[in-house]
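A.B. asks: Predicted model follows, preceded by the sequence.
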Amino acid sequence: MSFKRIEHTDIPNSELVKCIDLTSAALGSSIVAVSDEFFGKAENLISPASPIHKPDHFVDTGYWMDGWESKRHCRTHDWVIIKLGFPGSLSGFDIDTSYFIGNQASAASVEATFALDGEDVESKNTKWTTVLPKVDLPPNSHNVFVLSKSAPVCTHIRLNNIPDGGIARFRAYGNVNPILPKDPSDVIDLAFVGNGAKITQVSNQFYTPASNLLLPGRGVHMGDGWQTNRSRQPGNSDYVIIRLATKGHILKIELDTSHFKGNFPDKVTLQGTNSAEDIPPLGSKWTVLADNVETGPHGLFYFDSLVPKTAFTHVKLIIIPDGGLKRVRLWGVPEGGKIPTLPIKIPSLLNKPMMIAQPLTREDFAPYGDVIQASSGIAVTSANQGTAEKYHQVGQVINEFAKGRGRSHLSVFHCRPITEIPFTVKLLERHPYSSQAFIPMTDGRVRGYLVVVALNGEDDKPDMKTLKAFIASSTQGINYREGIWHHPMIALENETDFACLVHESGIPKDDCNEVDVEEVVVDIPGFHA
Ligand SMILES: NC(=O)N[C@@H](O)C(=O)O
């Protein structure tokens, strides 16, 4: 596989400008295995955010580094396996050693494989193909490589870190290889990056890129949307051009202004056209799909297309005079598909019940368990020769296993934060014979975590009418009563360790029952992941 090295500043003039970063966590890509991450977590590699530097900032392993860094003296080489959010073909890479000086990886190589769901890519039988041979990595630099021809479609990438050391970010530029529904009459989001749609032109992306508009989910803060600067020019408008996943009929437009509360656009207009080019040439005929529609703060807004029977390859989204949008969804059917009865309903958050998480209090949580906290209303006495106060029996530790079958265990859950807010509850679990306590052990970076609970129904399933969501602070622990349905721990913003006390028998059905539930969307005021 031949390649050429280019300057990072030359990306806009290279093939890579037509690509997206297929390894980005924003696309749902994730780390599935890593040989060693002693100094810095491998998941930093795929953060959409640029790396930052905190000179002379130390953590218990050494210098704090914003990147993946393995420990010294590896006898062979380190490696990390990344599962792509969407299968795609690779065109180039940026192996970024920013801020790694003296501890950067000396060299790297890249391999790829196509693995069906469930295949064990760590198996020795996995066939990895080298798509970038070993290349040297200078310190503190973007190392950008363009392949002479795109590599075959892959689902996983293995980055080899030779022999060891640090890499701040890894960008694998390419294009999604969409898997569209077999039935062309299925309604899909024609503007979704996972279906192969792309932004091909944008007038202004001063704060954050327009490519964010097509990402999965609703993101976690304003920074993962598209935002222009304040135009100040009378009559200004800004725009993006979306090359649709495939030529199709747009039936319903979804504009998402999540987290844009004082800077959403005054008005939005959408137009469609047809072109074989990535960017429709000047003089292309644009047809209005939605004309000067109004949105609002932090929400989802829907508009039926004015021309559902016309198929387009491109859509221009115009915001007047400027501002920000989180996502745009263009629900429709590919050309050749049957246009359903209009107006359509769409599978979105709008159609799912929503709830707002509330601050955790002893009183509100009482039907579900205990709040472990030194709080008023608890019997308290002086202790430790007057140097402490003891808050008595803040919770009940319950063991209802038959005699001798349930042993109490202390464990620690190291929880990674959720990456999407609002959060969608899809499953709940319970421990039929034991209470379960979680007590956060925070390093000061944790503001809180999300607790979702429900009582047991007459059908011995969660009673969704009793579903509640609480925001627990970092000074509150919780103790689920035995049999109470709850979502597995949900960390917010930063990784969080929880001490856990539960009784277990080693018999799975007696220790934990898990069930899928009707999806409920939980908004979490004041938090972003
Ligand atoms: N992160 C960090 O401290 N790294 C250095 O100590 C090193 O490369 O050993």
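C.D. replies: Yep, that arrived.

A.B. asks: For A245, list the residues it contacts.
C.D. replies: The neighbours of A245, taking Cβ atoms under 8 Å, 6 or more residues apart in numbering as the test, are P178, L180, I188, D189, L190, A191, F192, N195, G196, A197. Using the backbone N, CA and C atoms, a C-beta is placed for each residue, glycine as well.

A.B. asks: got a pLDDT number for it?
C.D. replies: Model confidence at A245, given as pLDDT, is 96.

A.B. asks: Can you tell me, leaving aside adjacent residues, what's nearest to S408?
C.D. replies: Spatial nearest neighbour of S408, chain neighbours left out: H503 (5.0 Å); criterion: Cβ to Cβ, 6 or more residues apart in numbering.

A.B. asks: I'd assumed that neighbour was in a strand, is it?
C.D. replies: Yes. The assignment for H503 is a strand, going by DSSP: H, G, I helix; E, B strand; the rest coil.

A.B. asks: can I assume it is in contact with L410?
C.D. replies: No. In this structure H503 lies outside contact range of L410 using Cβ atoms under 8 Å: 11.0 Å.

A.B. asks: higher neighbour count, these two?
C.D. replies: Neighbour comparison, H503 and L410: the larger count goes to H503, with 22 against 9 (by other Cβ atoms under 10 Å).

A.B. asks: Could you report the distance from the more buried one to E429?
C.D. replies: The spacing between H503 and E429, counted by Cβ to Cβ, to the nearest Å, is 15 Å.

A.B. asks: circling back to that earlier point, filter the contacts of A245 down to the buried ones.
C.D. replies: Among those, the ones that count as buried by 16 or more other Cβ atoms under 10 Å are P178, I188, D189, L190, A191, F192, N195, G196, A197.

A.B. asks: would TSV of the residues you listed with distance to the ligand be doable?
C.D. replies: Listed next are these as TSV, based on distance: Cβ to the nearest ligand atom, whole Å:
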residue	distance to the ligand
P178	40
I188	45
D189	42
L190	45
A191	41
F192	38
N195	40
G196	39
A197	40
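
A.B. asks: In the stretch 201-350 of the chain, mark out all the strands, start to finish.
C.D. replies: All strands of the stretch 201-350 of the chain, identified by DSSP state E, counting those that start in this stretch, fall at 226-227, 238-256, 267-273, 287-293, 300-304, 311-320, 324-325, 327-334.

A.B. asks: looking at these, which has the lowest confidence?
C.D. replies: Of all the strands of the stretch 201-350 of the chain, the minimum mean pLDDT falls on strand 300-304 (a mean of 88).

A.B. asks: So which elements touch that one?
C.D. replies: Packing contacts for strand 300-304, counted by 3 or more Cβ pairs under 8 Å, 6 or more residues apart in numbering; DSSP states H and E, involve strand 238-256, strand 287-293.

A.B. asks: Which of those strands sits closest to the ligand?
C.D. replies: strand 238-256 (38.7 Å; Cβ to the nearest ligand atom).

A.B. asks: ok, the closest one: who's next to it in the sheet?
C.D. replies: Here strand 238-256 is paired, per DSSP bridges, with strand 198-202 (antiparallel), strand 300-304 (antiparallel), strand 311-320 (antiparallel), strand 327-334 (antiparallel).

A.B. asks: Let me know which of these is tucked in deepest.
C.D. replies: Mean neighbour count (mean count of other Cβ atoms under 10 Å) peaks for strand 327-334 among the strands paired with strand 238-256, with a mean of 24.

A.B. asks: Residue numbers of the stretch 301-450 of the chain in contact with the ligand?
C.D. replies: Counting by Cβ under 6 Å from any ligand atom, the stretch 301-450 of the chain comes close to the ligand at no residue.

A.B. asks: show me the contacts for P87.
C.D. replies: Listed by Cβ under 8 Å, 6+ apart, the contact partners of P87 are F114, V153, C154, T155, V176, N177, I179.

A.B. asks: Narrow those to just the buried residues.
C.D. replies: Counted by 16+ other Cβ under 10 Å, those give F114, V153, C154, T155, V176, N177 as buried.

A.B. asks: Report pLDDT for the first one.
C.D. replies: This means F114. 94.

A.B. asks: Wasn't L45 part of a helix?
C.D. replies: Yes. Secondary structure of L45 (three-state DSSP): part of a helix.

A.B. asks: That one - how many residues pack around it?
C.D. replies: By other Cβ under 10 Å, 27 other residues sit near L45.

A.B. asks: List the contacts of it.
C.D. replies: Applying Cβ under 8 Å, 6+ apart, we find L45 in contact with T23, I31, G67, W68, V80, I82, L159, I167, A168, R169, F170.

A.B. asks: change it to 6 Å
C.D. replies: W68, R169, F170 (Cβ atoms under 6 Å, 6 or more residues apart in numbering).

A.B. asks: give me the element the nearest residue to it once chain neighbours are set aside is part of.
C.D. replies: Closest residue to L45 apart from its sequence neighbours, by Cβ to Cβ, 6+ apart: F170 at 4.3 Å. In the assignment (DSSP states H and E), F170 maps to strand 169-176.

A.B. asks: what are the ranges of the strands in the stretch 1-150 of the chain?
C.D. replies: In the stretch 1-150 of the chain, the segments counted as strands under DSSP E, counting those that start in this stretch are 3-6, 20-21, 30-34, 58-59, 62-63, 68-69, 78-96, 107-113, 129-136, 142-147.

A.B. asks: Now the ones you listed in TSV, please, with extra columns for distance to the ligand.
C.D. replies: Output for the strands of the stretch 1-150 of the chain, formatted as TSV (distance: least, Cβ to the nearest ligand atom, whole Å):
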stretch	distance to the ligand
strand 3-6	25
strand 20-21	25
strand 30-34	16
strand 58-59	8
strand 62-63	2
strand 68-69	5
strand 78-96	13
strand 107-113	16
strand 129-136	18
strand 142-147	19
